[in-house]
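Asker: Could you work out the structure for the sequence below:
(one chain, ligands or ions: 1)
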Amino acid sequence: MRDNEWLEQQLQILLKNHFANVKITNPIQIKFGREAKYRFGSIRLVSHKGIRSIKGIKSIKGLIKAVGDDTPKKSLITVTSMFAKEDVPADVVRYTIAHELCHYAHGFSSMNKRMFRHPHHGGIVNRELTQRGAEHLIREFKAWLKGYRKAILAARVKI
Ligand SMILES: [Zn+2]
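Answerer: Numbering: from 1, shown residues only. Below you'll find the predicted structure:
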């Protein structure tokens, strides 16, 4: 089984090989999360202190202060725990991470300048990946997704 450390290694390799010119405006954390059938990855901007700091807040004013712009932020990438299994090709997981890094680069869920109106506007993610020399990851992901969808449909038919 792959673990969070493995994810971190993949993140660092992808950053080095394909996103070296992207400004790291806030730190990036990566972890395996809830197993989801169709949502393989996500990125969100969270307060450095996380949920624990929210607990002690008694008022809306306090909440706004705590999550205000002066709070240090980090981008948290969550990858479905389904991808911890070794039978999912490593490039499929790498595609998922690289996809989220495109959002980071485009200013979604990061402190970078927002470059587009919507995170998936007109195929901007795959265009970005292609420009960054990661086209092979798109191919691997698409091929895997095709088989995965088929397997899910086949399982449904049986029921
Ligand atoms: Zn996306």
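Asker: just for this protein, where's the confidence low?
Answerer: For the chain, the stretches with pLDDT under 70 are 49-70, 158-159.
Asker: Please identify the buried residues of the longest helix along it?
Answerer: Longest helix of the chain, by residue count under DSSP state H: helix 135-158. Neighbour counts over helix 135-158 (16 or more other Cβ atoms under 10 Å) mark 137-138, 140-141, 144, 148 as buried. For every residue, glycine as well, the C-beta is placed using N, CA and C.
Asker: JSON lines please, covering those and showing distance to Lys16.
Answerer: Listed next are the buried residues of helix 135-158 as JSON lines, based on distance: Cβ to Cβ, whole Å:
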{"residue": "Leu137", "distance to Lys16": "15"}
{"residue": "Ile138", "distance to Lys16": "19"}
{"residue": "Glu140", "distance to Lys16": "19"}
{"residue": "Phe141", "distance to Lys16": "20"}
{"residue": "Trp144", "distance to Lys16": "24"}
{"residue": "Tyr148", "distance to Lys16": "29"}
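Asker: Let me know the closest of these to Leu15.
Answerer: Here the nearest of those to Leu15, counting by Cβ to Cβ, is Leu137; it sits at 13.9 Å.
Asker: on that earlier part again, check which helices and strands the longest helix of the chain sits against.
Answerer: Using 3 or more Cβ pairs under 8 Å, 6 or more residues apart in numbering; DSSP states H and E as the contact test, the elements touching helix 135-158 are helix 90-105, helix 124-131.
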